[in-house]
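Student: no sequence for this one, just the structure:
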């Protein structure tokens, strides 16, 4: 039975956010070696630099709650757009959006591009 894009996107997000919430230092294998991430407007290039950024975040505990997930097939993979909420340590719950482009290599999928932004409103 073929996997639909929605099933693939859901499985990917379950793995990604579950890993992030449990031990974000284990996210490295999900990123392609040449992956690019934009985190709150700052561009980061390469798997090792992305992982370094993620493990250096100041919180100890985090829980992601995905509210919506949309996806589209691309010529080279799958585009996934996530809207949700996250809670870190004893901080207030914050909204976030994250967009992934995952590409297939053999039987596996890897993150090629990742854009993350907290849903903060500035005056």
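Tutor: Noted; the coordinates are in hand. Keep in mind that this is a model prediction, so the values were computed, not measured.

Student: Could I get the phi/psi values of residue 60?
Tutor: phi -100, psi -40 (degrees, to the nearest 10).

Student: What sits closest to it if chain neighbours are left out?
Tutor: residue 89 (5.8 Å; C-beta to C-beta, 6 or more residues apart in numbering). Glycine gets a C-beta too; all of them are placed from N, C-alpha and C.

Student: What is the burial count for that neighbour?
Tutor: 9 (other C-beta atoms under 10 Å).

Student: Give me the pLDDT for it.
Tutor: We have a pLDDT of 94 for residue 89.

Student: And it, how close does it get to residue 42?
Tutor: 22 Å (C-beta to C-beta, to the nearest Å).

Student: What's the separation between residue 52 and residue 60?
Tutor: Residue 52 is 17 Å from residue 60, by C-beta to C-beta.

Student: Same drill for these two, tell me which one is more crowded.
Tutor: The residue with more neighbours, out of residue 52 and residue 60, is residue 52; 13 against 7, by other C-beta under 10 Å.

Student: Give the helix, strand or coil label for that one.
Tutor: helix (DSSP: H, G, I helix; E, B strand; the rest coil).

Student: What of residue 90?
Tutor: Going by three-state DSSP: residue 90 is coil.
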